[in-house]
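Participant: I need the structure of the sequence given here:
(2 chains)
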Amino acid sequence: MSERFSVGDRVRVRRAYPPGHVRAPYFTRGKVGEVQAIAGSYRNPEQLAYGITDADRLPLYRVIFRQSDLWADYQGGPKDTTVVDFYENWLDPA
Amino acid sequence: MTHDHDHSHGHDHDQTFQPDIEDSPFTHHQVMAEALGELLIEKGVFTADDLRRQIEHLDSRTPALGAEVIARAWTDPDFKAKLMENVNEATASIGIDSGDIPIRAVENTPETHHMIVCTLCSCYPRGLLGPPPDWYKSRAYRSRTVREPRAILSEFGTTLPDDVEVRVHDSTADLRYLVLPMRPRGTDGMDEADLAKLVTRDCLIGVSLPDNPGGV
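Facilitator: Alright, predicted model coming up:
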């Protein structure tokens, strides 16, 4: 499977709010992070949830965010980060 | 549950009535799970014995298996390299079945401390560690861990310097995560079995650190 993004790319999580079974956490929508790893490809859980058993296979990315980019008033350490896994349909170039 | 009856018939009412498990309301999801299980057995997809075996297998997965894996990684660099590559294959190589759901290890270092959460539900490396603790599934842990991880850590008695990167892993997708803690100082003479005793479930989630046997 060819991946749209490479390790080190800056990506923005889509700022979209579709109804139903969605695997992109709210707190990351619209936020910019960096692709830390490509973690294989898996069938799209947002289709699997509705009984589509031959759902599209999508690349899965591990995206690392600085906490201060996720939360404007973050109170922890300056180097703190969060890594979230996203399927490719949730990411745009940043 | 109700316990209405005539209070004149002479048995001991000081005892607290203990409900049986059927006395709580049967929830929608319990009904669905029961019905699904019965239908799949009826249709011959699997047998009641297969289902029982699978439940028994899941119940046999415990944090002690995780501790065994960590102690091996601390004492065997080749095994550690395999573990960092692919947890399921590494554990299989020492006779521990950690299931089909891919588990990845994240290694604590003096610079980076890892902790695991599933903000969307309760994804957890069950195939190796068994079911997660209840607090792991709570909304408080799930929402606060990404928002204020150091506050969560301190509530578990874990304080880290500000210049250590606290890295939270949100298992939103097909992978599960396991923390490989740092081997405590003062453990050079310890064998694998004794090392495993230092590794608790909470260390494997990353909310705690293994005890230092030297106490320092």
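Participant: List the buried residues for stretch B:132-144?
Facilitator: Within stretch B:132-144, the residues scored as buried using 16 or more other C-beta atoms under 10 Å in any protein chain shown are B:Pro132, B:Tyr136, B:Tyr141, B:Arg142. (C-beta placed from N, C-alpha, C; glycine too.)
Participant: now stretch B:187-201
Facilitator: Across stretch B:187-201, burial judged by 16+ other C-beta under 10 Å covers B:Thr187, B:Met190, B:Leu195, B:Ala196, B:Leu198, B:Val199, B:Thr200, B:Arg201.
Participant: and if you look at stretch B:76-91?
Facilitator: Buried residues in stretch B:76-91, counted by 16+ other C-beta under 10 Å: B:Phe79, B:Lys80, B:Lys82, B:Leu83, B:Val87, B:Asn88, B:Ala90, B:Thr91.
Participant: ok, now which ones touch residue 59?
Facilitator: Picked chain A for this. A:Met1, A:Glu3, A:Arg4, A:Phe5, A:Ile38, A:Gly40, A:Ser41, A:Tyr87, A:Glu88 (C-beta atoms under 8 Å, 6 or more residues apart in numbering or on different chains).
Participant: Actually, chain B is the one I wanted.
Facilitator: Neighbouring residues of B:Asp59 by C-beta under 8 Å, 6+ apart: B:Gly130.
Participant: In helices, which of the buried residues of stretch B:187-201 fall?
Facilitator: Of these, the ones assigned to helices by DSSP state H are B:Leu195, B:Ala196, B:Arg201.
Participant: closest to B:Ile101 among the residues you listed?
Facilitator: The closest of these to B:Ile101 turns out to be B:Arg201 (C-beta to C-beta; 18.1 Å).
Participant: Chain B against chain A: which residues are in contact?
Facilitator: Proximity of chain B to chain A, by C-beta under 8 Å from any C-beta of the partner chain, involves residues B:102, B:104, B:119-120, B:146-150, B:160-175.
Participant: Buried among those? Need that as a selection in PyMOL.
Facilitator: Buried subset of those, written as a PyMOL selection, criterion 16+ other C-beta under 10 Å:
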select buried, chain B and resi 102+104+119+120+146+147+148+149+150+160+164+165+166+167+168+169+170+171+172+173+174+175
